[in-house]
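> Got a predicted structure plus its sequence, pasted below:
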Amino acid sequence: MIEQVSDPLPQAGYAKVVLELDVNNHPGVMSHICNLFARRAFNVEGILCMPVSDGKHSRIWLLVFDDRRLEQMIRQLEKLEDVLNVRRHGAEHEVFERLEGFFH
Amino acid sequence: MMQMTGAQLMVRLLERQGVRTIAGIPGGAILPFYDALSGSAQIRHVLARHEQGAGFMAQGMARVSGVPQVCIASSGPGATNLVTAIADACLDSIPMVVITGQVPQAMIGTDAFQEVDIYGITVPITKHNFLVRSAQELLAVVPDAFRIAMSGRPGPVLIDVPKDVQNQLITITESELPAPAVADPAPQLDMAAIEAAAKMINAAERPVLYLGGGVVASGAASLAVQLAEQAGLPTTMTLMGLGAMPIDHRLSIGMLGMHGARYTNFVLEESDLLICVGARFDDRAIGRAAQFCPNAKIVHIDIDASELHKIKSAHVAVHANVTCALEALLPRVQAAQREHWLAHVDSLKARFPMQFPGQDDARSHYGLIHAVASALDDDAIVATDVGQHQMWVAQAYPFRRPRQWLTSGGLGTMGFGLPTAIGAALAEPARTVVCFTGDGSFKMNIQELATLAEEGLNVKIVLMNNNALGLVYQQQTLFYGQRLFASKYRTEPDFVKIAEGFGVPAVDLDLADNPRAALAEALHRPGPCLIHATIDREQFVYPMVPPGAANTEMIGG
């Protein structure tokens, strides 16, 4: 699943960052995460979510902008009960790049 | 081995958690739980008249005890009626476990009768929430809900339980029942940050200690007072922090912010170090953020890492339980008299004091609050609704202990007062609970007078009646060119008759020859009472920082 969650960004001049989240896999998790971004007015360029091997956990990839709110965004994510950890990657991470083929 | 239903299991788990009083209203989708609850010898159910009332009763119990409390409602409208009380608990960090019935799982998503996605609705207003899919899951979910509600920064947790899960049979052994939940351990203390904070306090010339609701939640009030005394720190409190330091303590500079005293905001303006403990730089407390404490470095101690650097960047940020942080800080902070700075604070206080016009006239707003305080001791609990009366009480009532003061800070919910006061009285039946309210707020949960009469609790409602939405009237007068619109009521109910109609005795101070004596008599008579007093609509809350202005740009007072 990949989608545009919010309006195109005014801060398009910022570098992009990829966040990798390990989360519990149950029906409410995406709702908690998308809701957090929406209500805190954080922008998300892309989301990708798939279960990992054991089925109890999922991995979520978020493509976000590295504006001055990124730290706050990560802290809010880390507070979510179902988010087990958050790792931050630079824009060079290829997860979204390799998906781009499906969008042309 | 024992066989029981999911509903019986829920009751059992609540009993084991130590829950003794639950406020709620039954309805179709929660009836299996109510049936099981009827068999509990340990849990007492208090029947509210509106689910929002039940939510605030749980809050009242939680605010005075500090322990997660439970409210309960059925699916659909029962659940949505709880939403305001949940959001209120979330913004004020009040531990609460909310249980809602849900339509059977097979009917979820079919627009069934009284079906609403309360799980989805409460995502943004809970710390966490659960939709339970089997009776087996309850064994983990119920203790988890309590653990989450009380761990770290407290808050509300919702458990939505479909009716078929409540009816589902489960066979378990006694040993499979989970242990009652306890709070997660506090985060590891960053000793380097503590050292840095102590160094900054020791080096500061004009420090101010800024205490928030986190000090109360953490049970750290006496440690905070100790820190202030040891380091000679003038101390301000947020609305949520009132009571952390006795208001008449020599180092107290009262409440800061939109309706704080002039001198308080001036002291902050001049400070060179702000030590923020369990507070979150809320806009009502700090005014325009960029101009708040312009010359101060900031030490920020909070249990919630996402509050650090959120509004103001801290020079030293300590992610910690406030109690642990203060315990570590105290031996590292030098004793200091700070005669110069404290003398300057005193001179600001003398020049720009908080003013209480009419304080000796029990028919005026400040006079009434003063008369109530004079008739009671510090054991009394004071709840308020939201509006002018709330701010006047915050300014004028002499709070001297934590958990003495219950008010809706973050959400500012009119209708909060009466059911919260009922909850407080349920948790602390030996104390007198005063609920200051206004006529606008009172009407928003007035139906709980029936609950109050039924329970016969020691709640005294002091109704400050100006037949208007006073704070709206004030803002329209001051900031909207006196275009008064939708802020005055055109009819006025007879509140004395209303109370008496519900079975609550009432006293009208307007008719009393000696209002002070009539008030004292009403406050000291056991049981519920409505005390009605008309106040002047043209009296405003001063000082006032206009919304969006800096704290030093106060008007009035």
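Perfect, thanks for sending it. Keep in mind it's a predicted model, so treat the numbers as computed, not measured. Numbers count the residues shown, from 1 in each chain, chains lettered A, B, ... in the order given.
> Residues of the stretch 251-400 of chain B that sit close to chain A?
B:304-306, B:308-310 (C-beta under 8 Å from any C-beta of the partner chain). (C-beta placed from N, C-alpha, C; glycine too.)
> Among those residues, list the two that are farthest apart in space.
The largest separation in these, counting by C-beta to C-beta, is between B:304 and B:309 at 11.6 Å.
> So which bits of stretch B:315-331 are buried?
The neighbour-count check on stretch B:315-331 (16 or more other C-beta atoms under 10 Å in any protein chain shown) flags B:316-329 as buried.
> nope, stretch B:166-185 is what I was after
B:166-168, B:170, B:172, B:180-181, B:183.
> Please list the residues outside that stretch that contact it.
Applying C-beta atoms under 8 Å, 6 or more residues apart in numbering or on different chains, the contact partners of stretch B:166-185 are B:1-7, B:9-10, B:12-13, B:16-18, B:30, B:32-33, B:36, B:101, B:134-136, B:139-140, B:142-147, B:150-152.
> what separates that stretch from the chain centre, distance-wise?
31 Å (C-alpha atoms, centre = their mean, to the nearest Å).
> Among the buried residues of stretch B:315-331, which one lies nearest to chain A?
Lowest distance from chain A to the buried residues of stretch B:315-331 (C-beta to the nearest C-beta) belongs to residue B:319, with 9.7 Å.
> Can you pull up the most central residue in chain A?
residue A:62 (2.1 Å; C-alpha atoms, centre = their mean).
> Leaving out chain neighbours, which residue sits closest to it?
residue A:19 (4.3 Å; C-beta to C-beta, 6 or more residues apart in numbering or on different chains).
> In chain A, what residue spans correspond to helices?
A:29-39, A:70-79, A:95-99 (DSSP state H).
> can these go into a markdown table with extra columns for distance to residue B:369?
Listed next are the helices of chain A as a markdown table, based on distance: least, C-beta to C-beta, whole Å:
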| stretch | distance to residue B:369 |
| --- | --- |
| helix A:29-39 | 37 |
| helix A:70-79 | 38 |
| helix A:95-99 | 60 |
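> what does chain A put close to chain B?
A:27-28, A:31-32, A:35-36, A:39, A:71-72, A:75-76, A:78-82.
> can I get the helices of chain A in JSON lines with mean neighbour count and mean pLDDT?
Shown next, in JSON lines, are the helices of chain A (neighbours: other C-beta atoms under 10 Å in any protein chain shown; pLDDT from 0 to 100):
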{"stretch": "helix A:29-39", "mean neighbour count": "17", "mean pLDDT": "91"}
{"stretch": "helix A:70-79", "mean neighbour count": "18", "mean pLDDT": "94"}
{"stretch": "helix A:95-99", "mean neighbour count": "13", "mean pLDDT": "89"}
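> For the residue nearest to the centre of chain A, list the residues it contacts.
Contacts of residue A:62 by C-beta under 8 Å, 6+ apart are A:18-19, A:21, A:44, A:46-47.
> out of those, who's nearest residue B:71?
residue A:21 (32.2 Å).
> give me the beta-bridge partners of the nearest residue to the closest one once chain neighbours are set aside?
Once flanking residues are discounted, residue A:21 sits nearest to residue A:60: 4.3 Å by C-beta to C-beta, 6+ apart. Here residue A:60 shows beta-bridge partners residue A:21, residue A:49, assigned using DSSP bridges.
> Can you report how many residues lie near residue A:60?
Neighbour count for residue A:60, taken as other C-beta atoms under 10 Å in any protein chain shown: 20.
> now do residue B:126
Neighbours of residue B:126 under the rule other C-beta under 10 Å: 25.
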